[in-house]
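> fold the stuff below for me.
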Amino acid sequence: MGIQKVKDRFLEALKKSPKLKVYLCIAAVCTAALLFMRAPPEKDDPLAETGALSAAAAEQSYEQRLESELEEIISKIQGVSDVTVMLTLEGSDRKVYVADVSDSDSKTESKTVIIGSKEALLQSTEYPRVMGVLVVCGGGNSASVKEKVVNAVSTVLDIPAGKVYVTNAK
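Presented below is the predicted three-dimensional model:
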């Protein structure tokens, strides 16, 4: 039986029975309602843990990225060798989400913009402030090398020179 024959029989049945039209409409509405009202499946702990781990990993990678960039730059300073850098950060990164602000006569209302099912629209990420830096390097016992390293680190990170400690590697 071809598609055209099935289509013709269906159209004939619709013409003969007005109840069939009603039943089809009800079935279509119920199907649409089920599709739209169906909640997304609940995620178990593995995804929640992954989100927490990815936030911690992002913070760690930020710290590691700063450390490795500083190590690379400091190692290029004359008289410096075998550089190791340790940073101390204040707190953790902070996510800033887009907010929809509406003003009325008596109050201002702000709502976070949600995209998808449960995802907020990220505007920016504010990384933690560097509190202090320890630099262990060959040549760190020389006053001129210490001064160069302290000046470089304090300039790059925009922190006071008193927050940077340079010492000689063993």
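> and the chain, what are its domains?
Each domain of the chain is listed here as a residue range: 3-37, 63-93+128-170, 94-126, per automatic domain parsing.
> could you identify the helix or strand that succeeds the strand or helix carrying Asp8?
Following DSSP states H and E, the helix or strand that holds Asp8 is helix 3-16. Where DSSP H and E defines the elements, the next helix or strand beyond helix 3-16 is helix 18-37.
> for that following helix, packing partners?
Packing contacts for helix 18-37, counted by 3 or more C-beta pairs under 8 Å, 6 or more residues apart in numbering; DSSP states H and E, involve helix 3-16. The way it works is simple: take the backbone N, C-alpha and C, and place the C-beta from them, glycine included.
> what does the helix it packs on rub up against?
Identification of contacts with helix 3-16 by C-beta atoms under 8 Å, 6 or more residues apart in numbering yields 20-21, 24.
> closest one of those residues to Tyr165?
The closest of the contacts of helix 3-16 to Tyr165 turns out to be Leu24 (C-beta to C-beta; 78.7 Å).
> burial measure for the closest one, as a count.
By other C-beta atoms under 10 Å, the residues close to Leu24 number 12.
> follow-up on the earlier one: where among the domains of the chain is the average confidence lowest?
Note on the domains of the chain: lowest mean pLDDT is at domain 94-126, with a mean of 70.
> which stretches of this protein form strands?
Taking DSSP state E to define them, one finds strands in the chain at 81-90, 94-97, 99-103, 108-112, 114-115, 119-120, 122-126, 129-138, 164-168.
> of those strands, which is nearest Ala28?
The closest of the strands of the chain to Ala28 is strand 114-115. By C-beta to C-beta, the value is 28.9 Å.
> so what's Val149 closest to, chain neighbours aside?
Closest residue in space to Val149, ignoring its immediate chain neighbours: Val166 at 4.7 Å, by C-beta to C-beta, 6 or more residues apart in numbering.
> that neighbour is in contact with Gly132, isn't it?
No: if you go by C-beta atoms under 8 Å, Val166 and Gly132 don't touch, sitting 12.0 Å apart.
> which one's more surrounded, those two?
Neighbour tally, Val166 and Gly132, criterion other C-beta under 10 Å: the higher count belongs to Val166, 23 against 16.
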